[in-house]
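J.: Show me the folded form of this:
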Amino acid sequence: MVQSSLMTTKQKLMKRVLYVITPILMFSTLSAVSYLKNNSEIVSKSQNEAIWFVLQLTKEYSEFIFQLQNYQFGQSDHNDMMIQYEILWSRFNTIVNNSQVMHLDQFKGTLDEINLHFTKVKSLENMLLELPSTQNVKPLLVSFRDDYEDLIIFLNFKFRLSSGDLGDRIQAITETEMIIRYLIITTLLMGGLMAFLLLRESRSHHKLAMNDGLTGIYNRLWLNQKLYALERLNQSFTFYLIDLDGFKPINDTLGHHAGDELLKKVAHRLSHLDSDTYHVARMGGDEFAIIELCSPSTNSQANHPHSDITDLLTEVFAQPFMFAGALHQISASIGVSQFPKQAKSISAVLKQADFAMYEVKQCGKDGLRHFSCRSKAPFDTQEDQPIIG
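T.: Prediction:
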């Protein structure tokens with residue numbers, strides 16, 4: 001009992017821990033999934049949108065340098081070159097100042113770097129405007145080419161997947177995926193453990209409901225269910241109703257504690273009969289019951305109790321019982337009935353066994369009697385009700 005109580009306490013403590021840990025794991029998993037989703041969206045949108053604007057910028061910059069080079073060799077006029085410059089200027093301005101350009105701020109330092117190149121381009125605008133008179137194209141071309149190459153180097157590093165800010169986010173996504181896997185596995189394990197504990201608790205509650213609290217053997221509820229299950233299956237069985245002789249005087253003289261001690265000792269001895277063939281239960285008070293299942297080969301011998309169970313019951317009560325600090329010789333009156341050989345219903349089985357036991361009491365107690373249909377019970381006029389409630 002102490003060990004069972006300790007196991008119950010441990011189970012309760014484990015359940016409380018699981019009740020705390022499981023919600024935390026679920027919340028952590030949802031948070032990790034949300035973080036993964038956000039990072040994935042950022043990477044996807046950043047890569048698509050930011051790279052599009054960067055490609056447009058580098059394309060316009062390259063086109064402008066091409067126009068400036070054509071102007072140097074006289075293959076383009078000044079207005080065509082300045083139109084391309086205005087396009088490049090607008091592209092820079094859109095990226096740096098337009099709030100609708102999203103996700104570039106996800107790449108640290110990108111907007112600041114592009115703004116520096118924009119400042120550089122704007123600083124050379126007056127020299128571009130004065131070209132028709134100065135014809136000083138070469139220094140301008142060198143300055144724009146150098147600025148363009150620096151910008152390309154920076155953008156190639158910033159937006160490649162293997163390194164830079166985008167690479168860091170991809171690494172974070174990979175790590176988050178691993179964390180989510182571990183969280184899911186842990187949550188499943190916790191759920192499995194919780195299901196195991198609930199199943200074990202359910203079985204424990206069922207066992208408590210079906211077992212007698214004092215003696216630990218099957219109780220009246222289990223006995224009722226077993227008997228009616230056998231009736232539905234039309235399974236042949238012999239029913240033994242055992243009533244202890246002189247139990248009330250023991251309670252009155254030695255106290256209820258002594259009576260409880262005796263009941264436990266009797267139940268302990270009877271429990272050794274429990275097997276596939278015999279089932280033992282306490283009906284309540286000082287009454288016990290044994291169900292002896294009959295195989296087809298034994299049905300023809302069902303008119304009398306089997307000698308083996310008779311001998312076993314004799315052994316149970318042959319030895320004195322130790323309770324209240326002393327040895328006491330205890331006897332029992334046992335009534336026997338059979339289904340469906342004699343009784344056609346469970347109610348009849350219980351009444352017949354009770355009557356057979358009553359006859360033993362009337363004949364001096366301490367004996368076993370099989371119900372005989374030739375006998376007349378003193379309560380035949382009463383309504384046919386089962387003794388087990």
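J.: Strands of the stretch 151-300 of the chain, residue ranges please.
T.: 237-244, 278-284, 287-293 (DSSP state E, counting those that start in this stretch).
J.: Need the mean per-residue confidence for the helix or strand Glu315 falls within.
T.: Counting by DSSP states H and E, the element that carries Glu315 is helix 307-318. The average pLDDT within helix 307-318 is 83.
J.: Ile309 reaches Tyr278, doesn't it?
T.: Yes - using C-beta atoms under 8 Å, Ile309 is in contact with Tyr278, at 7.0 Å. The C-beta positions use only the backbone N, C-alpha and C, and glycine is treated the same way.
J.: Give the residues shared as contacts by the two.
T.: Between them, Ile309 and Tyr278 share these contacting residues under C-beta atoms under 8 Å, 6 or more residues apart in numbering: Ile290, Glu292.
J.: tell me the mean pLDDT for the longest helix along the chain?
T.: If you go by DSSP state H, the chain has its longest helix at helix 164-210. Averaged across helix 164-210, the pLDDT comes to 72.
J.: tell me the angle it makes with strand 278-284.
T.: Computed with axes from the mean of the first three to the mean of the last three C-alpha atoms, to 10 degrees, the direction of helix 164-210 lies at 80 degrees from that of strand 278-284.
J.: Go ahead and flag the most central residue of this protein.
T.: Centroid check for the chain by C-alpha atoms, centre = their mean gives Gly191 as the closest residue, at 2.4 Å.
J.: Wait, it touches Thr22, no?
T.: Yes - assessed by C-beta under 8 Å, Gly191 is found in contact with Thr22 at 7.2 Å.
J.: about what we covered before: for the strands of the stretch 151-300 of the chain, which one sits closest to Arg220?
T.: strand 278-284 (5.5 Å; C-beta to C-beta).
J.: Which strands or helices does the closest one pack on?
T.: helix 220-233, helix 256-271, strand 287-293 (3 or more C-beta pairs under 8 Å, 6 or more residues apart in numbering; DSSP states H and E).
J.: Give the buried residues for the first one.
T.: This means helix 220-233. Arg220, Trp222, Leu223, Asn224, Lys226, Leu227, Leu230, Glu231 (16 or more other C-beta atoms under 10 Å).
J.: Please list the residues outside it that contact it.
T.: 209-211, 218, 237, 239, 279, 281-284, 289, 291, 293, 339, 345-346, 349, 388-389.
J.: now do 6 Å
T.: Helix 220-233 is contacted from outside by Met210, Phe237, Ala281, Met283, Gly284, Ala289, Ile346, Ile388, using C-beta atoms under 6 Å, 6 or more residues apart in numbering.
J.: next one: the shortest one
T.: Contacts made with strand 287-293 from outside it, assessed by C-beta under 6 Å, 6+ apart, are listed as 223, 237-238, 240-243, 277-283, 309.
J.: most neighbours per residue, which of the strands of the stretch 151-300 of the chain?
T.: Neighbour counts (mean count of other C-beta atoms under 10 Å) averaged over each of the strands of the stretch 151-300 of the chain peak at strand 237-244, with a mean of 24.
J.: Sheet partners, orientation included, of that one?
T.: If you go by DSSP bridges, strand 237-244 pairs up with strand 287-293 (antiparallel), strand 332-339 (antiparallel).
J.: The residue of the chain most remote from its centre and Leu241: what is the separation?
T.: Distance to the chain centre peaks in the chain at Ser133, reaching 84.0 Å (criterion: C-alpha atoms, centre = their mean). Remark: distance between Ser133 and Leu241 (C-beta to C-beta, to the nearest Å) = 129 Å.
J.: Likewise for Phe53?
T.: Taken as C-beta to C-beta, the span from Phe53 to Leu241 is 94 Å.
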